[in-house]
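S.K.: coordinates for the following, if possible.
(2 chains)
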Amino acid sequence: MKKICILLFTFFCFFSVNADEEIINLIENKLEEIGKFELPQSYPEGLTNTTLKECEIDNFFCIKTKSNDEMIKRFKRSKKYNDRNPGSQIYAMALYEIYYLSKLKDSKNSLRIFKENWPEKIVNGKKISSLIKNNETRKIMREALGITIDQSPEEAIKTFWVIGDYLQKGKPKSIKVDKAFKKRELLLSEYKSTIGFLKKRIEKKKINKLYEYLEN
Amino acid sequence: MKNLLFQILFFVFLLSNSYANIDDKINKDLNKSFKKYEKEIKKIQKKISNLKKNQSKDIQKIDLSLQELDRLVNFSKNNLSLEKQDILLDSLNLIDLYIKDISKLIPKEIVRKVPENENDSMKDETLKTMMQLTSFSKSKQQKKKIKILKSIENLKDVGVDLSSINESFKELEIDNSIPTVEEITSLTNDKEDLSKTSEIIPPEYKSLDPNMNRLKDFATVRTLQNYDYSWEKNDYRISVGRPVDEALDVKQAVYDEAIKFGFSEDKANMLASNAYSAYYDMWFHGSEIVEQTRASGGSWEESDGALDEWLQDPNNQFNKWALNFYRMDDPEDKYLPNPEALKDWFSKIGDGKIETYELSEDRLNKEAMARTVSYLTQDFMPGQGEGEGNPYSEADEVAEIVKKLAIDRGFSDAEADILGANAASTYLDIWLDGTYVMEKALAAGKTYDEADLAVEKWAMNPNNNYMEWFERWGEADPEKDWIPDESTFGAYLDSLKGNEILKFDPSETRADLEISMRVYESINFNTDTGEWEGDVFDEAKKVSDAFYERAINDFKYSKDDAEKIRRNVWNNYVDTWTEGTYVSESVRYKGGSWEDADAAVEKWYSSSKYKNYWKQNEKSWGIIIEEDDEGNIKIIYGIADVKTIVARSATSNVQENIEKYSNKSLDEIKADLEKKYLENDDIIDDVKQKLIDGELARIADHIFKYQDFDLKSLTEGELKEAIAEAANATGEAIEGTVAGSGQGLNPSTGPRFGGGENDPDAATCLGCKYVDPEGD
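M.R.: Numbers count the residues shown, from 1 in each chain, chains lettered A, B, ... in the order given. Here you go, the predicted model:
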């Protein structure tokens, strides 16, 4: 009977690993990409002189609180504002790096426990899923501007800031645009969103499966 | 133990069930997304159709291009299923790209003007970052284009051709992001390091030798255009024209020189007569050589070269005659013989016997056929001279009389029709063969009487296929010698009674001649322009030019090689047309319908050598030859099969060199290079110096470029794209973090589905007041 049990167990174990080998490998990769929390030693001057002016360099709580507030504010800005201030969103990307670091710091224990139990058991799945999501976001932002995931957060923040500064050069000038163009612009934007929506759904199918797997 | 087993089974059931649930959920979500997409697209399409017309050209362009997109968008709508998600994604990639292109027509409401001094004061750090970004952006664009190319190819495989959309965009003057051929050629494989670019391996052109029979036929047709067959001299049809005049001049010159040389009059006449015939034949065949080269697309210079080669070939029988008439060192290019050359020839003859020149049988056959065709294609006048009537009208008369005779003898109408047609067809066969014999005699310079005798001899030959028919025809009518005798032909008809009456095929020679005449009806050689004319030649030019342009502009072929390709394409286009038209006309000749003819051409083409030739070359060269509804040839440029070799790119060298040398003067760099190369004993000194000079020039160039870095073009070009993408990424990214709070926090650049609905997967909380950056 024991033999039957062992056989059954082996068969089922084999079955379970095989069934989701792809996801397991994917999670392994994503865990590697998450990185480790290390306190940044420097920030761009433009940041320390404005958003972080009240924070000490080693007070990460202050840094994260201020930069998160600023990041949300910038991400919330209207299209018109972003058109007038093309650097704003790029500054927000720099701040996102700090946001991610704070997230990483906060999830340090959850991550450790998850790794200790993985792959036999999923512990803190939702938190890890959220962390992976945030890192995916960070990757997209970095990749868009030629910053690799291997580069340190300091380097990334600096690069984002330099690009932001560059885009902020000069003064914005408004030009009157015919209403008919505006109508079409809106329509095109709607079109693009609809296409982009479905594109993402298909492209992200695999990673969405990963999130589902970790969260359920 | 039982409990344990149950537990294991339960665990496994849960596990497998949960995996299945995940898949189910993801698929359900995707299906929901499909529905949502369909609904949204329907709304957008309605909005597009409701757009009010506007006078602005750019707005009209936007509206028209959006309508053009409908086909592709409808394709995506028809492929909204889990099984087709790959091709669906390909179509979405393309639609996305087209919309992006259309969006470029929308003017910007806000622009930023950067004063010159602001750019000048830019820090090195900024400059370096922006330059790296530009370089990265270029690589990224390449990667994107490869993705787009793959989508285009996948769509093409399922029958979605984007060429019409691309053409329309081109017509509307909308910048199209579909990679151009030049861009395609510079694309690297996405698996490769993007800091490297590639060396182009142009697509191979699969050459196919031209159809020699067609070239020869064209050449003969052209050669025969130099002759005319008329009543001008001696009251019978002789060949006249430049070659005849020249041959007569040669004859006279040879006669005069022979007399001067001291030959007797008889001998001089004999030599002159031989010279006439030899020159005539030589001119004919020489002209064929020239025209053959021209028919294959060669220039006049090439034709002259081919003629010289032919004349100097010792195996060519006319080489001897050329040496008899001319001196190779004679700078003058005249047709009249060189007196010194003639003297040499006469000296060699001396007292020897002179053989009569044997006329070229090949020339006689061709000229005889040309004279026959010339006769057939004349405008026959009513009551034209005796024996000079229209054979087709005569054949019609034969058919009518025979039909009447047959009906009188009790044959059915249908049988009488066939009997009449058979008699008419046989009459034409006899007429053609007999006329050919007569024209051959005339082409050989014989008189009408001699020609008539030749025909008589042919008719009396027991091996003649028509002996029985001559008997059936009986005594010729003195007025109309083509009409059969009632009694003899009636007896023949009587002998057929009770037998099945079958229709005769025309003789092979006549069928071939008449079909060829139909093929040649639509082409013509313009002697003024020296070019072949007709739709097929215009089309051949268009197609061959497309290959030439692509060879030169896109694949950097040398002019010579590109010209060879052009010529080969031209020949194969004409060959395909000529052979295909012959097939079509053969079917029509036998009474087939146009549909039958098209089917026959299709069948012929699918097993012909041309199918592979065009298929391979069109595919690898990205040239699609299409016929529009009006039968006009349309060239569509597609994606070429360009292979690449990865090599270190200029961009990566720039970076390397800047880092290595930017702080050094050119002299210092030179010293470094010398040191580097002088230490290498495997290189000879000359090569070392060339390497040093070359590398130094390149480095200097790069440093110069770096110093001259144009920031304005950077903002206007690739950087803009990168920033736009980053902004899109932001929108995408914050869906899972800060968006969807119900506070209208949709990112300005990301998808807009209303507050909190951006991404069903995003951790959103509808109606939340507090923005949770984690999105949990």
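S.K.: contacting residues for B:Glu301?
M.R.: The contact partners of B:Glu301, by CB atoms under 8 Å, 6 or more residues apart in numbering or on different chains, come to none. Bear in mind the C-beta positions are built from the backbone N, C-alpha and C, glycine included.
S.K.: for the longest helix out of those in chain A, which outside residues touch it?
M.R.: Longest helix in chain A, counting residues (DSSP state H): helix A:179-203. Helix A:179-203 has contacts (CB under 8 Å, 6+ apart) with B:29-30, B:33-34, B:36-37, B:40-41, B:44, B:47-48, B:51-52, B:54, B:56, B:58-59, B:62-63, B:66, B:85, B:88-89, B:92-93, B:95-96, B:99-100, B:102-103, B:106-107, B:728, B:732, B:750-753, B:759.
S.K.: filter those residues to the buried ones?
M.R.: Buried residues within these, counting neighbours by 16 or more other CB atoms under 10 Å in any protein chain shown: B:29-30, B:33-34, B:36-37, B:40-41, B:44, B:47-48, B:51, B:54, B:58-59, B:62-63, B:66, B:85, B:88-89, B:92-93, B:95-96, B:99-100, B:102-103, B:106, B:728, B:732, B:750-753, B:759.
S.K.: how is chain B partitioned into domains?
M.R.: Domain segmentation of chain B under automatic domain parsing yields B:2-105+B:144-205, B:241-358, B:365-514, B:522-637, B:658-705.
S.K.: can you list those domains in JSON lines and add distance to A:Asp69 and mean pLDDT?
M.R.: Below are those laid out as JSON lines (distance: least, CB to CB, whole Å; pLDDT from 0 to 100):
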{"stretch": "domain B:2-105+B:144-205", "distance to A:Asp69": "33", "mean pLDDT": "78"}
{"stretch": "domain B:241-358", "distance to A:Asp69": "75", "mean pLDDT": "89"}
{"stretch": "domain B:365-514", "distance to A:Asp69": "92", "mean pLDDT": "86"}
{"stretch": "domain B:522-637", "distance to A:Asp69": "54", "mean pLDDT": "89"}
{"stretch": "domain B:658-705", "distance to A:Asp69": "39", "mean pLDDT": "58"}
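S.K.: who does the host helix or strand of B:Ser164 touch, helix- and strand-wise?
M.R.: Element membership of B:Ser164, judged by DSSP states H and E, is helix B:163-171. Using 3 or more CB pairs under 8 Å, 6 or more residues apart in numbering or on different chains; DSSP states H and E, the elements in contact with helix B:163-171 are helix B:57-78, helix B:85-103, strand B:633-637.
S.K.: dump those into JSON lines; add distance to A:Asp58 as well.
M.R.: Converted to JSON lines, those look like this (distance: least, CB to CB, whole Å):
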{"stretch": "helix B:57-78", "distance to A:Asp58": "53"}
{"stretch": "helix B:85-103", "distance to A:Asp58": "45"}
{"stretch": "strand B:633-637", "distance to A:Asp58": "62"}
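S.K.: export these to TSV and tack on distance to chain A?
M.R.: Formatted as TSV, these follow (distance: least, CB to the nearest CB, whole Å):
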stretch	distance to chain A
helix B:57-78	5
helix B:85-103	5
strand B:633-637	25
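S.K.: for these, which one sits closest to B:Glu361?
M.R.: Checking the helices and strands packed on helix B:163-171 against B:Glu361 by CB to CB gives strand B:633-637 as the closest, at 41.1 Å.
S.K.: could you say what helices and strands the helix or strand where A:Ser110 lies packs with?
M.R.: A:Ser110 belongs to helix A:108-117 when elements are defined using DSSP H and E. Using 3+ CB pairs under 8 Å, 6+ apart, the elements in contact with helix A:108-117 are helix A:125-144.
S.K.: wondering if whichever helix or strand comes after the helix it packs on reaches chain B at all.
M.R.: Per DSSP H and E, helix A:125-144 leads on to helix A:153-167 as the next helix or strand towards the C-terminus. Yes - Helix A:153-167 is in contact with chain B by CB under 8 Å from any CB of the partner chain, via A:159, A:162-163, A:165-167.
S.K.: distance check, whichever residue of the stretch 251-400 of chain B sits closest to chain A against B:Glu563.
M.R.: Of all residues in the stretch 251-400 of chain B, B:Gly297 sits closest to chain A, at 48.4 Å by CB to the nearest CB. Using CB to CB, to the nearest Å, we find B:Gly297 at a distance of 9 Å from B:Glu563.
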